[in-house]
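1. Model the structure of this input:
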Amino acid sequence: GPLTKGEVIKWSPFFEKFLTDVDYFVNGTKKFWGRPRPFLTDDRVKPCLPKTNGKSYPSGHATIAHVYAVVLAKLDPSREKAFFDRADQVALDRELGGVHYGTDLAAGKILAAEIFEKLSANSDFEKDMDNLKP
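-> Just a heads-up that it's a prediction; the model follows:
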């Protein structure tokens, strides 16, 4: 991706800290919609990624990638395009890999924006972000 090794080392603890919150919203949304994976509803779909029995909608990978892209773009606006291009590629790989529908990716992107809005309302999150800015 577009990060240096130093950035990964420096920023990983922050991202790991709020990943649990992201997972909470993703898993709750998946449980609510209950959409099965494409390969479970159409035997013509032969995934080239590991199969999981988890629900399909919204894509957790797409959601996480886009939340991370938003956060990274706030930390370094000069690389916003690179961060969002990478998030879009992560999401598309899930569809091409046969484990998600295109609408799962779109929902993940929308959910990511909503999650970031909730995270941003937390003063500790905002303080952590401020401490990481170059």
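2. Any figure for the gap between Val99 and Lys74?
-> To Lys74, Val99 is 29 Å away according to Cβ to Cβ, to the nearest Å. Bear in mind the C-beta positions are built from the backbone N, C-alpha and C, glycine included.
3. So between these two, which is more surrounded?
-> Neighbours were counted for Val99 and for Lys74 using other Cβ atoms under 10 Å; Val99 has more, 24 against 17.
4. show me what contacts Leu105?
-> Counting by Cβ atoms under 8 Å, 6 or more residues apart in numbering, Leu105 touches Pro58, Ser59, Ala62, Ala91, Leu92, Arg94, Glu95.
5. Determine the three-state secondary structure at it.
-> helix (DSSP: H, G, I helix; E, B strand; the rest coil).
6. Please check the contacts of Leu105 and keep the buried ones.
-> Among these, those classed as buried by 16 or more other Cβ atoms under 10 Å are Pro58, Ser59, Ala62, Ala91, Arg94, Glu95.
7. Same list (those residues) but as TSV, adding secondary structure and distance to Thr4.
-> Below are the buried ones among the contacts of Leu105 laid out as TSV (DSSP: H, G, I helix; E, B strand; the rest coil; distance: Cβ to Cβ, whole Å):
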residue	secondary structure	distance to Thr4
Pro58	coil	30
Ser59	coil	27
Ala62	helix	24
Ala91	helix	23
Arg94	helix	25
Glu95	helix	29
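8. from those, which single one is nearest Tyr24?
-> Pro58 (13.5 Å; Cβ to Cβ).
9. What distance do you get for that closest one to Pro38?
-> To Pro38, Pro58 is 14 Å away according to Cβ to Cβ.
10. try Asp93
-> Look at Asp93 and Pro38: by Cβ to Cβ, they are 14 Å apart.
11. Can you tell me which of the buried ones among the contacts of Leu105 is nearest Ile115?
-> Taking Cβ to Cβ as the measure, Pro58 is the one of the buried ones among the contacts of Leu105 closest to Ile115, at 10.7 Å.
12. Provide the contact partners of the lowest-mean-pLDDT helix or strand in the chain at residue level.
-> Every helix and strand in the chain was compared by mean pLDDT, DSSP states H and E; the lowest is helix 123-132, with a mean of 90. Outside helix 123-132, the residues within contact range by Cβ under 8 Å, 6+ apart are Lys10, Trp11, Phe14, Lys17, Phe18, Val71, Lys74, Leu75, Leu119, Ser120.
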